[in-house]
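Engineer: turn this into a model:
(one chain, ligands or ions: 1)
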Amino acid sequence: MMKIEPFALERYFARYEFTARHLLSCSDCESLPMADVLAMADDATRDLWDHLRLGYTDSQGHPLLREAIAAIYDDIRPQDILVTVPEEGIFLLMQALLNPGDHVVCTFPGYQSLYAVAQSIGCSVSYWTADESHGWRFAIDRLESILQNSTRLVVTNFPHNPTGYLPPREDFEALVDLLRQRNIPLLADEMYRFLEQNAEDRLPAACDLYDQAVSLFGLSKTFGLPGLRIGWLATRNQALGTRMGRLKDYTTICSSAPSEILALMALRNRDAIIAQQNARLQKNRAALDRFFRVQAGCITGQSPPAGSLCFPRMQTVADTYTFCEELIQETGIMLAPSRLFAYGDHHVRIGFGREDFPEVLARFGDYLKMRFG
Ligand SMILES: Cc1ncc(COP(=O)(O)O)c(C=O)c1O
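Structural biologist: Prediction:
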């Protein structure tokens with residue numbers, strides 16, 4: 001029986017996400033009403049919806065859905081895609097690739113399953129840590145120094161949860177070159193892709209750059225459709241793709257039939273949805289920067305170059321975990337403290353993808369003023 005640590009962030013969300021009055025730490029963009037998604041559908045997809053039978057679905061993913069997903073990439077075919085729940089994708093890749101004793105490198109701090117699943121398999125995981133004093137930079141020479149002969153997988157997550165870091169393209173290409181020279185597979189968690197502040201800074205998808213890379217993406221964050229539970233793994237490594245597909249028979253077998261059709265509608269309107277989410281993020285980023293200027297004595301941060309999250313440091317509290325508990329009790333505002341990322345007690349994660357963000361941030365600002373002056 002597999003032993004795995006409880007997922008600290010997800011347990012915290014389970015406690016508060018549906019009870020807190022105001023959410024200030026969600027990673028997803030504002031969710032779309034189902035009616036809006038249906039209204040976007042072209043006639044052919046609407047017809048699929050109207051005549052949908054609720055049977056089992058194609059285990060690899062609906063062929064039309066995989067076609068729409070493949071169109072996001074330069075060099076990926078529909079058969080190179082495995083539709084999964086995003087979280088499930090991390091699990092399948094690691095179960096397919098890793099053995100006890102393997103060495104794995106993972107960006108840190110980060111989304112817990114990106115390292116905890118490997119640890120549960122019995123791998124030793126080295127953390128590739130971000131440098132806060134350089135805008136949360138992940139330095140390539142630091143990665144190079146922790147790679148070992150037995151490194152079986154490197155895991156990255158750019159745009160990064162929780163810091164919003166996005167490497168310059170040269171750094172990302174250097175990373176891929178380094179792994180290619182040593183033939184080390186890469187899991188690139190690209191869940192926040194297309195949320196770059198400047199579109200020209202967007203990184204290429206890892207699966208397009210490198211045949212030993214697996215890109216993880218989905219509709220939860222960028223598209224604001226986490227309730228569909230639709231994501232995918234994309235790789236040109238066919239043997240690995242087949243192994244992951246076989247493991248899916250032991251997790252979900254296949255995706256939800258209605259979700260697949262709604263996902264197809266969303267992907268066929270991907271530019272419009274992404275533009276709408278980015279317009280909201282841009283507005284919210286302006287509110288966030290004003291907040292950091294006004295609260296400079298209390299909380300240090302800046303709006304990040306990509307994604308919907310940032311990870312500022314609180315100067316005036318000794319322990320952000322206790323602070324967040326007090327905050328939620330006194331104001332109903334939910335923030336995520338850095339202890340949930342095993343990253344000490346000085347930071348909090350702020351999520352700025354939601355429509356009510358400026359209003360909730362203003363409430364948080366009022367609280368800080370009341371408490372710290
Ligand atoms: C970096 C990262 N990867 C994967 C996931 C999993 O996505 P989902 O919750 O839609 O399964 C998340 C969600 O928080 C995430 O932030």
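Engineer: quick one: distance of stretch 40-54 to the chain centre.
Structural biologist: Chain-centre distance of stretch 40-54: 29 Å, with Cα atoms, centre = their mean, to the nearest Å.
Engineer: doesn't Leu209 make contact with Glu173?
Structural biologist: Yes: applying Cβ atoms under 8 Å as the test, Glu173 and Leu209 come out as touching, 7.3 Å apart. Yep, even glycine has a C-beta here, placed from its N, CA and C like the rest.
Engineer: which of these two has more neighbours?
Structural biologist: More neighbours surround Leu209 than the other of Glu173 and Leu209, with 21 against 16 (other Cβ atoms under 10 Å).
Engineer: state the distance from the more buried one to Leu179.
Structural biologist: In this structure, Leu209 and Leu179 are 10 Å apart, going by Cβ to Cβ, to the nearest Å.
Engineer: equivalent analysis for Pro358, please.
Structural biologist: Distance from Pro358 to Leu179, counting by Cβ to Cβ: 41 Å.
Engineer: those two: who's more crowded?
Structural biologist: For the pair Pro358 and Leu179, the greater number of neighbours falls to Leu179 (24 against 17), based on other Cβ under 10 Å.
Engineer: and Ala234, what are its phi and psi?
Structural biologist: Backbone torsions for Ala234, taken as degrees, to the nearest 10, come to phi -120, psi 120.
Engineer: give me the pLDDT for the residue lying farthest from the centre of the chain.
Structural biologist: Most distant residue from the mean C-alpha position of the chain: Gly373, 35.1 Å away (Cα atoms, centre = their mean). What the model reports for Gly373 is a pLDDT of 82.
Engineer: leaving out chain neighbours, which residue sits closest to the residue in the stretch 201-350 of the chain that the ligand sits nearest to?
Structural biologist: Per Cβ to the nearest ligand atom, Ser220 is where the stretch 201-350 of the chain lies closest to the ligand, at 3.3 Å. Once flanking residues are discounted, Ser220 sits nearest to Pro226: 3.8 Å by Cβ to Cβ, 6 or more residues apart in numbering.
Engineer: tell me how far that neighbour lies from Glu30.
Structural biologist: According to Cβ to Cβ, Pro226 stands 11 Å off from Glu30.
Engineer: again with Ser113
Structural biologist: Applying Cβ to Cβ to Ser113 and Glu30 gives a distance of 24 Å.
Engineer: which of the two has more residues huddled nearby?
Structural biologist: Using other Cβ under 10 Å as the criterion, Ser113 and Glu30 rank with Ser113 on top: 23 against 17.
Engineer: tell me the residues of the stretch 1-150 of the chain that contact the ligand?
Structural biologist: Ser27, Val85, Pro86, Glu87, Tyr111 (Cβ under 6 Å from any ligand atom).
Engineer: and the fourth one, what does it touch?
Structural biologist: For Glu87, the contact set (Cβ atoms under 8 Å, 6 or more residues apart in numbering) comprises Ser113.
Engineer: tell me if it really is in a strand.
Structural biologist: No: with DSSP: H, G, I helix; E, B strand; the rest coil as the criterion, Glu87 is located in helix rather than a strand.
Engineer: can you show me the strands along this protein?
Structural biologist: Under the criterion DSSP state E, the chain carries strands at the ranges 22-23, 81-84, 103-108, 124-129, 151-157, 186-189, 213-218, 231-235, 299-300, 309-310, 313-314, 333-334, 336-337, 348-351.
Engineer: tell me the strands beside the fourth one, with direction?
Structural biologist: For strand 124-129, the paired strands and their directions (DSSP bridges) are strand 103-108 (parallel).
Engineer: need the strands of the chain in JSON lines with mean pLDDT, distance to Ala41 and mean neighbour count, can you?
Structural biologist: Output for these, formatted as JSON lines (pLDDT from 0 to 100; distance: least, Cβ to Cβ, whole Å; neighbours: other Cβ atoms under 10 Å):
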{"stretch": "strand 22-23", "mean pLDDT": "98", "distance to Ala41": "29", "mean neighbour count": "20"}
{"stretch": "strand 81-84", "mean pLDDT": "98", "distance to Ala41": "19", "mean neighbour count": "28"}
{"stretch": "strand 103-108", "mean pLDDT": "98", "distance to Ala41": "37", "mean neighbour count": "23"}
{"stretch": "strand 124-129", "mean pLDDT": "98", "distance to Ala41": "42", "mean neighbour count": "17"}
{"stretch": "strand 151-157", "mean pLDDT": "98", "distance to Ala41": "32", "mean neighbour count": "23"}
{"stretch": "strand 186-189", "mean pLDDT": "99", "distance to Ala41": "29", "mean neighbour count": "26"}
{"stretch": "strand 213-218", "mean pLDDT": "99", "distance to Ala41": "20", "mean neighbour count": "27"}
{"stretch": "strand 231-235", "mean pLDDT": "99", "distance to Ala41": "20", "mean neighbour count": "27"}
{"stretch": "strand 299-300", "mean pLDDT": "96", "distance to Ala41": "43", "mean neighbour count": "19"}
{"stretch": "strand 309-310", "mean pLDDT": "98", "distance to Ala41": "30", "mean neighbour count": "24"}
{"stretch": "strand 313-314", "mean pLDDT": "98", "distance to Ala41": "45", "mean neighbour count": "19"}
{"stretch": "strand 333-334", "mean pLDDT": "98", "distance to Ala41": "34", "mean neighbour count": "22"}
{"stretch": "strand 336-337", "mean pLDDT": "98", "distance to Ala41": "35", "mean neighbour count": "28"}
{"stretch": "strand 348-351", "mean pLDDT": "98", "distance to Ala41": "29", "mean neighbour count": "26"}
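Engineer: what's the closest of those to His51?
Structural biologist: Minimum separation from His51 across the strands of the chain (Cβ to Cβ) falls at strand 81-84, 20.5 Å.
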